[in-house]
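Participant: have a look; sequence and predicted model below, questions after that.
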Amino acid sequence: MTDLFASAGLDRDAPRPLAEKLRPKSLADVAGQDHLLGPNGALTRLVQSGSLGSLIFWGPPGTGKTTAARLLAHETKLHFVQASAIFSGVGELKKIFEEARGRRATGQGTLLFVDEIHRFNRAQQDSFLPVMEDGTITLIGATTENPSFELNAALLSRARVLTFHSLDAAAIEKLLERAEDAEGKTLPLDSEARAALVLMADGDGRAALTLVEEIFRAARPGEVFDAKTLTEIVQRRAPIYDKGQEGHYNLISALHKTVRGSDPDAALYYLARMFDAGEDPLFIVRRVVRMAVEDIGLADPQALVIANAAKDAYDFLGSPEGELAIAQAVVYCATAPKSNANYVAYKAAMKLAREHGSLMPPKIILNAPTKLMKSEGYGAGYAYDHDEPDAFSGQDYWPEVLGRQRLYRPVERGFEREITKRLDYWEKLRKEREGN
């Protein structure tokens, strides 16, 4: 019945969201994806070749993935079918595949667009493989998550991954202009508020148009909003950040690498992004402790002390005051001298331990609590270092099979310069005493 009303045009006056009204009618109208849909874009070339192949569209919400799939079906004369991994089960997929086989028998191909394809489990993803291989369907799957982690290797091997980018300011501005043309009126915003609206959209075209609708509804005749009033009216969108998904890992990785790269300003920016998105401060400070031991180490032993103190300060003060302690630790670590010498030495020691098994330490450093052990030479010849000149005996403590190894190599930065001097001095004494 609904389709009958629609075919008669009776649904034209029904209310529709602005994003739906402005859905592009051609691939060239999709905003912000010129690398895919421009004159030399990847999708443009596929359309010109007359053959798509199966595709995975990877990108944030509101970047045109669904629209592009719909338009590709039209351009390539394929029957368009849309499914969602949230609402579709194996039963519905089987029905879609059977209908596609029927169309194929009459010479009509099918483009199946699956939104949120990463939400299908591994077995459900495998169900696409036979119909992709025999040409029953051309699959376009859309995902906001990294396909490398979320999709089967078998599915990825049969599909090309294309990345959709967040819309930049120019693309969002183009959408605002289209909305004004469609509504026949100008957005009631001053220049500062308009710029603020672009930022609020956070690269999401659908969100930008939803905000435009809210503004048009809220504005009284002749009223023009400044940035402060705009913020009060539309509030603001939550940042694109899911603590269980990729955005979470991207930002903590960015924080870690900017600290390692000694850029305190960039580190503070990514820290603020995470605080702003509601990340657990204890998750962040745990990573700062890791930075202190992994990337700074003994080049500045105070880094670990300060990172742990930031955790204690946050426990004591709570939010928001405790977050300042974490920021202080981040800046300290970013500006500290860097060394991963201890980290590298530890990994080398673990490798050595695994490869050589349960080697006995030399008997000189084993205790001899029994007569039998003493008779076996346990502890014989051990030199007590505090009784030796310079409190250093220079004895070889390594298992005989291995011989002396060099694992820890301090860098010429920070406090490790002093450690290098000590190690060099002890090595000189060791050689002197071995020679004597």
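Facilitator: Structure's in. What do you need? Residues are numbered from 1 along each chain as shown.
Participant: ranges for the helices of the stretch 201-350 of the chain?
Facilitator: 205-218, 227-234, 246-260, 264-276, 281-291, 302-317, 321-335, 341-356 (DSSP state H, counting those that start in this stretch).
Participant: likewise for the stretch 51-200 of the chain?
Facilitator: 65-75, 90-105, 122-126, 129-133, 147-150, 153-157, 169-183, 191-201.
Participant: and Arg260, which of those helices is closest to it?
Facilitator: helix 147-150 (23.1 Å; C-beta to C-beta). C-beta: built from backbone N, CA, C; applies to glycine.
Participant: what are the buried residues along that closest one?
Facilitator: Of the residues in helix 147-150, Pro147, Glu150 count as buried by neighbour count, 16 or more other C-beta atoms under 10 Å.
Participant: gap between that helix and the chain center?
Facilitator: Distance, stretch centre to chain centre, for helix 147-150: 12 Å (C-alpha atoms, centre = their mean, to the nearest Å).
Participant: just the CA atoms of that helix, as PDB, please.
Facilitator: The C-alpha atoms that make up helix 147-150 are tabulated as PDB, following Å, rounded to 0.1, in the frame of the first residue of the first chain:
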ATOM      1  CA  PRO A 147      38.200  -3.400   8.000                       C
ATOM      2  CA  SER A 148      41.600  -5.000   8.800                       C
ATOM      3  CA  PHE A 149      40.300  -5.700  12.300                       C
ATOM      4  CA  GLU A 150      36.600  -6.200  11.800                       C
END
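Participant: contacts for it, please.
Facilitator: Ile56, Trp58, His118, Thr143, Leu156, Val161, Glu246 (C-beta atoms under 8 Å, 6 or more residues apart in numbering).
Participant: from the residues you listed, which two are the most distant?
Facilitator: With distances taken as C-beta to C-beta, the most widely separated pair in these is Leu156 and Glu246, at 16.1 Å.
Participant: span of stretch 145-162 from start to end?
Facilitator: 13 Å (C-alpha to C-alpha, to the nearest Å).
Participant: now that stretch: average pLDDT?
Facilitator: The average pLDDT within stretch 145-162 is 89.
Participant: could you list the buried residues of it?
Facilitator: Buried, per 16+ other C-beta under 10 Å, within stretch 145-162: Glu145, Pro147, Glu150, Leu151, Asn152, Leu155, Leu156, Ala159, Leu162.
Participant: kindly report the same for stretch 354-368.
Facilitator: Lys363, Ile364, Leu366, Ala368.
Participant: C-alpha coordinates for that stretch, CSV please?
Facilitator: Extracted in CSV, the C-alpha atoms of stretch 354-368 (Å, rounded to 0.1, in the frame of the first residue of the first chain):
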residue,chain,number,x,y,z
ARG,A,354,63.5,-18.2,26.1
GLU,A,355,66.1,-19.4,23.7
HIS,A,356,68.5,-20.9,26.2
GLY,A,357,66.2,-22.5,28.7
SER,A,358,67.1,-23.3,32.3
LEU,A,359,70.8,-22.6,32.4
MET,A,360,72.4,-22.8,35.9
PRO,A,361,74.0,-19.6,37.2
PRO,A,362,77.7,-20.0,37.9
LYS,A,363,78.3,-21.7,41.3
ILE,A,364,80.2,-18.7,42.7
ILE,A,365,76.9,-16.8,43.1
LEU,A,366,74.9,-19.7,44.5
ASN,A,367,74.3,-20.0,48.3
ALA,A,368,75.5,-23.2,50.0
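Participant: neighbouring contacts of it?
Facilitator: Residues contacting stretch 354-368 (C-beta under 8 Å, 6+ apart): 373-374, 376-382, 395-402.
Participant: which PyMOL command selects the buried ones in the residues you listed?
Facilitator: In PyMOL, this line selects whichever of the contacts of stretch 354-368 come out buried by 16+ other C-beta under 10 Å:
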select buried, resi 378+382+395
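Participant: the residue nearest to Phe120 when sequence neighbours are not counted and Glu177: what is the separation?
Facilitator: Excluding the flanking residues, the one nearest Phe120 by C-beta to C-beta, 6 or more residues apart in numbering is Ala85, at 4.7 Å. With the distance defined as C-beta to C-beta, to the nearest Å, Ala85 ends up 34 Å from Glu177.
Participant: what do you get for Asp315?
Facilitator: 50 Å.
Participant: ok, now Gln328?
Facilitator: Taking C-beta to C-beta, one finds Gln328 at 45 Å from Glu177.
Participant: which of the buried residues of stretch 354-368 sits closest to Leu230?
Facilitator: Leu366 (75.4 Å).
Participant: can you give me the pLDDT of the closest one?
Facilitator: 88.
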